[in-house]
Structure formats: C-alpha cells, structure tokens
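In: Here is my input; please provide its structure:
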Amino acid sequence: MENLWPSWPFAGRDEELELVRRSLSAGHRGTAVIGLSGIGKTRLGAEAVRGMEHVMVAGTPGARSIPLAAFAHLLPDTISLHQAAKALRAVRVLVVDDAHLLDDASATLVHHLAVHGRTRLLVLARPDGGAPEAVSRLWTGDLLPRLTLDSLPREAWTRLIEAELGGHVEALTAGRLYRACQGDLRLLRELVDAVRATGRLTGEAGPWTWRGPVPITSRVGELAEATIGDVDAEEREAMELLAFGEPLEASVLPEAVLERLEARRLVDVDDRSAARLVHPLHGPVLRARAGRLRADRLRRTDRDLAAALAFECGELLERSMSGDVREIPVGVGERLAEEDAGWGEPAMPEFCACRARLARLRGEIRDALSWSREGLRRHEGHPACLAELAHAAAYLGDLETARRALTGLSAPSPARTWLLAAEANIDGALRSLTEDSVLAPHDTFDSRGVFVPHDAFVPHEVPTPHDAFASHGVFVPHDAFAPHEVPTPHDAFASHDVAAPHDVFALHDAVRLGAPALVAERLGREPGDLASLLTTHATALISRDGQSLDRVANRLEQRGLLLHAAEASAQAAMIHRDHRAARTSRNRASTLARRCQGARTPVLVDATLGELTPRQRQIVGLAATGLTNRQIAEQLTLSIRTVANHLYGAYERLGSGDRAGLGSLF
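Out: Coordinates of the predicted model:
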C-alpha cells in the first residue's frame, strides 16, 4: 500500500490500529473504516497491513463509469464478474481505499467477496454519502464492523507534530495548527512544510514557535478552497467581507446570503449577532486571493481593530466571569497575536491576559502560559500577564517561573496561593487567601487579575447586545469612547473591573484546597448560577457526599471548567466508600486531568497517589528521583525483586507503564 506520508511518523491511533489489525486476523472478515477526507484513513490502513501480504485497490472520481476500473491492474481487460471473483480467491487481505468512489461493478465485486469469499477486507470510505449501495451495505448490513475515525485529539495532534519536528512545540503554535487544519492531516503536512519554507517556524533556542501570516502556497490554497466548495458571487463577496473584518454584525450582510452560508457551515452567527467564518483558513485564503485594490478597500482601520479588540475582550471577560467557558470566540485578537501584527499596543497585552485567563479556566494550562508570555513579549512587566503567568506556572509545578513572575507584581494575586500549594504548603496557601485580603467581603480583582480595593475605581457600563456596531459592522461598546478616540486598556476593560465572579473563583480556591468550611457561607451569599454551583461543591465536600461531588463535577465539565471538574471528581473518589464508585470517579478525574495539559494541583496528586500503599508510595517516590531498582533496594534493605513487584503494582494502579510519568506526581 502506498505510503502517502513518507517523512511523517504514525501517532495517536494506537487503539484504532489494534482494532483494525485484529479484524484482519484469521477468523474475521475485516472492517470498514469511515472518516472524512484527510483524517488519516489511508495512513491507518497502510500501518495496519504493514508486513502483511495484501492487495490494494482504490476508487477514483474519473473512473466511476468504467466497469471494474478499480481492479484494472489485477484483472484482464475483458472478464465477467464471476471470473473476477474466481481470480481473486487467492487474495487473503484486500484493501479498498476511497471505496465511496468505486464504479458499480467494482463495488459489486467487493460485496461479493465479503459475502462469499475467504478474503478479509479493509474498506476505507467517507461518511458523507455517495457510495454505491453495494459498498454502503457492507457496514449498514452488518457484513463488516464499522470503525468511525474521528479527528485526532489535540494532545495526539501535538505529539505528531513534535515527533516530526523533533522537539517541543509551543502551545499557541500547536493550537494554531490544530484549529487551522480542522483535523485534516494532509493539510497539516502541507502547512507545516509551507511555514518551514518561510523561515517563520523557529525552535533552535527553545520550543518550536510560529508567528506570522499563514503562507498560502498553491497546495495549501487548493486544500483550503476545497472546503469552501462551490459558492456563488454573492456568497463569496460576503465571505471576503468577513475575511477582512470579522466579527461583523450579521445585519451588514444580505440576509438570504448569510442564511445559505450558515446552512453550509461556512459562516457562524452567535447569540450576539456577530458573524464569523467557521474555517480558520478561509480568511487567509480569501485575503490572499483578493486583489490589492479590493484588499485595501476592505482592510480594517486601526480604529476598527481597536473596537473589535475591545468587543472580543468583553466577550472573553463575560465568559470567564460567568464561568461558562465551553467555547472561545476567535476573531481579530487571535489573528493579530498569531500573525505577529505590529498594531495593537498597548491593547494587545490586555487581550493576551484575557485570553490566558480563559484558557486557564478551561484547563488549557499550557495555552494560558503561552498567552501570558505572548503578552509579556509585547509589554514586559505587564501586571495582568505576570499574574496569569504565575498562576499557570504554579499549576504546572514550574515553581521558578511562578516565583519570578510574582516578584514583578506590586499587589497580591491568587497566583501566590497556588504557588504555595505547589510547594506543598497548603496551610500557607490557605493563609494567603486571608492575609492577602482575597476573601475580604468588599474587595475584588481588576481585569488584570490583580487585587484592587473596592473603592479604587469607578465602574463603567458593560457592553450589551444592543450596543452599536461601527463601520463595516465592527462592534463598538456603547459610550466606551468618543468618536475621535481609540480605546485604551482601561476603556476596553474597566467595565468588568468590579465584577463579583472574580471573587467567586478566589473563594472557590479554598474549596479546591480542601477547606470548604472557610468560604461556604460567603459563597452562599454570592449571586448567580456559578456561585450556586460552587456553593454546592463546598457543601458536598463538607458533608462528604461523594455522589453530590460527582454531580458537581459533571456540571463543572458542562461549563468547560475541566480542571475544576477533575478536582471535584478526585475529591469524590477519595470520599466514596463503595470501591466501584471510587474507581469510576478516579477514572473520570484522570481522564479530565489528561485534558488539562499537565496540571498537577494538590488534590489531583493526592488522588493519584492515594491509590498506592505506603510502601508503594515510598518506592515510587524514590523511582521518580531517578534511582534504579538496585539503588532503591539497597537504600530500603529490600530485594530487587521486591522493589520490582512494588513498582509493577504501582504502575497498574497509576495507569502508567514505566518511570517516565512519575516525576510529575512529586
């Protein structure tokens, strides 16, 4: 089978690979792998039959009218279906790529082999219809089991890129590639090669980092344009307007055109009537395809960018304040940051801080670290970015970075609490919640995450869905600035400075650190759905109600607060008396924690190590420092076999295969 990825490693599909290989073993008929174009079906098939005697055929769009075209390289020019089936009896494994493009005769032959032959089949097809009935009946008629291939999760995607580049990839770069390619591995390869060619993919002195515009090579443009499909002149004009000006007020675009684009999932309109392109590469492609004069006419002014940035920061802050962080609006702010645009000082560091905060709440801890560093790169010493950097670094156990960031802050920050917690000083962390006045009834945190007394500023009006849109439909907060002014960081973000939900998250820190009684009453007095949920978390922990904690974890996950949900599940696991319930909660905590990019808060570490016996914990702790089994045996006066047995038992309980992952637990 042709290898279409000669220089790229195979990664992230271990379970699927095992399932496919098993289906091709003796006593099985094979399997049908269904997935979108570019998702990796062909590569998975190639790996599954590697070292296995097999024959491959493939459907092609231009040959659907030619009988048995897919088998032309295996069969004589003139042959009947019956003769073809007899000629292929000796084939033990047949791989059918792009089965949805088979001609009818080839499809019938494949179906015949599945029903009557001894051939094991690996059928690779797209799910979006159009396959001959004889092919689709292979999996709808239960002849072959169906394996639906989803996009690689971001963690596996990042590992794939790192394996190819041979080093760590910065979180923002990995996230940008993940969003841009929308699961298409062909596009990933082309895009990485294109960025390499521009010289903007740098990593000699640290992690691989990409800043700058998307390079639209002929191949990248071809693959991205294919996802647009056939659009008429009106639809393309609307998409070009969005490419240069998103987000735009929906009323700026013709209603009928917008409805068609939305139905085709090319444009999204949110609940505030802001329209955006769905695919992240459509904007760069359309901008690159536009002529110079048209681009100059559609390109935003600095004032438009300022207004859009203020709007986006308002959205980010509203979501973080409400605790509903399931989705992140993407627009001009991310584009300016990713493309390393010179415009935006000093507003861009504020955007980076807002974006870092939202990433942290979502459990995307390495993203939060990268966003805060991006803001500091643009404005060294920016207090909001320093606070977020310290907070994220403390979650990751990077104590040196957290300490250095905190020294740059002149006011208390919740990050200090988490640095003390990361240093295993839980008592000190809890004291910091009160000593730094974080829990004072009338004090709060400003938009930068820095403590501000309650009378330090005057609130401004919060932008609402009824606020106006400026030229080109760019959102402008009502009365946020005079017509001749460009918003400053204070103008853009002051409307959120006095919001209580920042206090709610600070209060909840005590619950996460195992001291719910310290804040339960105060939490109960706070308004809003988020405060109500966090109060339930506190009372469930006080009453040691594991089932209630499980329900809290579920509601936190639904809001997108993955790290908080993982901690609630871990707390439930330590409280449940029923072994099976504890195991379920612990597994859920582990699953959620794996999505939090390496976060290692005290409750997660305690829940993991709580699975071990005292002797196992002692031996695992020594192993994590790098000692060999012999050295551990000598230090504890045990036999090497006893040490190995304890480690084996610990690995089973921790879900780890070796020493590699132990360091993060201590």
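
In: Dihedrals phi and psi, the closest residue to E262 other than its chain neighbours?
Out: Spatial nearest neighbour of E262, chain neighbours left out: V269 (6.0 Å); criterion: CB to CB, 6 or more residues apart in numbering. To be clear about C-beta, it is placed using only N, CA and C from the backbone, and glycine gets the same treatment. The phi and psi values for V269, taken as degrees, to the nearest 10, are phi -120, psi 120.

In: the strands in the stretch 351-500 of the chain, which residues?
Out: For the stretch 351-500 of the chain, applying DSSP state E, counting those that start in this stretch gives strands covering 444-445, 451-452.

In: Compare those and say which comes out lowest on pLDDT.
Out: Per-stretch mean pLDDT for those is lowest at strand 451-452 (a mean of 38).

In: T31 is in contact with R146, correct?
Out: Yes: at 7.4 Å, R146 counts as touching T31 under the criterion of CB atoms under 8 Å.

In: Neighbour count: the two, which is higher?
Out: T31 (25 against 15; other CB atoms under 10 Å).

In: For V91, see how far away the more buried one is.
Out: 16 Å (CB to CB, to the nearest Å).

In: next one: A566
Out: Using CB to CB, we find A566 at a distance of 49 Å from V91.

In: Would you mind telling me which of these two has more residues around it?
Out: Legend: neighbour count by other CB under 10 Å for A566 and V91, higher for A566 (28 against 17).

In: any idea of the pLDDT on the more buried one?
Out: 96.

In: Sticking with it, tell me its helix or strand.
Out: If you go by DSSP states H and E, A566 is part of helix 562-575.

In: So which elements touch that helix?
Out: For helix 562-575, the elements it packs on are helix 501-512, helix 529-542, helix 546-558, helix 579-594, helix 602-609, judged by 3 or more CB pairs under 8 Å, 6 or more residues apart in numbering; DSSP states H and E.

In: what sits up against that helix?
Out: Helix 562-575 is contacted from outside by 361-363, 365, 395, 508, 512, 514, 537, 541, 544-547, 549-550, 552-554, 556-557, 581-583, 585-586, 588-589, 592-593, 595-596, 599, 601, 603-604, 606-607, 610, using CB atoms under 8 Å, 6 or more residues apart in numbering.

In: the inter-axis angle of that helix versus helix 529-542?
Out: Angular relation of helix 562-575 and helix 529-542 on a 0 to 180 degree scale: 20 degrees, by axes from the mean of the first three to the mean of the last three CA atoms, to 10 degrees.

In: between helix 562-575 and helix 579-594, how many degrees?
Out: Interaxial angle, helix 562-575 versus helix 579-594 (the same axes, to 10 degrees): 160 degrees.

In: What angle do helix 546-558 and helix 562-575 make with each other?
Out: Counting by the same axes, to 10 degrees, helix 562-575 lies at 170 degrees to helix 546-558.

In: Any idea how many residues pack against S23?
Out: As a burial measure, S23 scores 20 neighbours (other CB under 10 Å).

In: in what helix or strand does S25 lie?
Out: Under the criterion DSSP H and E, no helix or strand holds S25.

In: and it, what are its phi and psi?
Out: Dihedral angles of S25 (phi, psi; degrees, to the nearest 10) stand at phi -80, psi 170.

In: per-residue confidence at it?
Out: What the model reports as pLDDT for S25 is 88.

In: just F10 next, same as before
Out: We have a pLDDT of 83 for F10.

In: Could you do L533 as well?
Out: 97.

In: L101 now?
Out: L101 is assigned 94 on the pLDDT scale.

In: Also A310?
Out: With respect to pLDDT, A310 scores 86.

In: Give me the neighbour count for it.
Out: Neighbour tally, A310, other CB under 10 Å: 29.

In: my guess is it is in a strand, correct?
Out: No: for A310, which was evaluated using DSSP: H, G, I helix; E, B strand; the rest coil, the result is helix, with no strand membership.

In: Next, find the distance separating it from L316.
Out: From A310 to L316 the distance is 11 Å (CB to CB).

In: any weak-confidence spans in the stretch 401-550 of the chain?
Out: Judged by pLDDT under 70, the stretch 401-550 of the chain has its weakly predicted residues at 436-502.

In: repeat for the chain
Out: Where the chain drops to pLDDT under 70, the residues are 1-7, 342-346, 436-502, 610-611, 652-666.

In: what about the residue nearest to E262, how many neighbours?
Out: 18.

In: quick one, what contacts it?
Out: 250, 258, 262, 275.

In: Max pairwise distance over these: which two?
Out: The most widely separated members of these, counting by CB to CB, are A250 and E262 (9.2 Å).

In: Those two: which has the busier surroundings?
Out: A250 (18 against 15).

In: In three-state terms, label E53 for me.
Out: What three-state DSSP gives for E53 is coil.

In: just checking, it touches A90?
Out: No: with contacts counted by CB under 8 Å, E53 stays clear of A90, the gap being 10.2 Å.

In: Need the three-state assignment for I66.
Out: coil.

In: Okay, it and A226: tell me how far apart.
Out: Distance, I66 to A226, by CB to CB: 24 Å.
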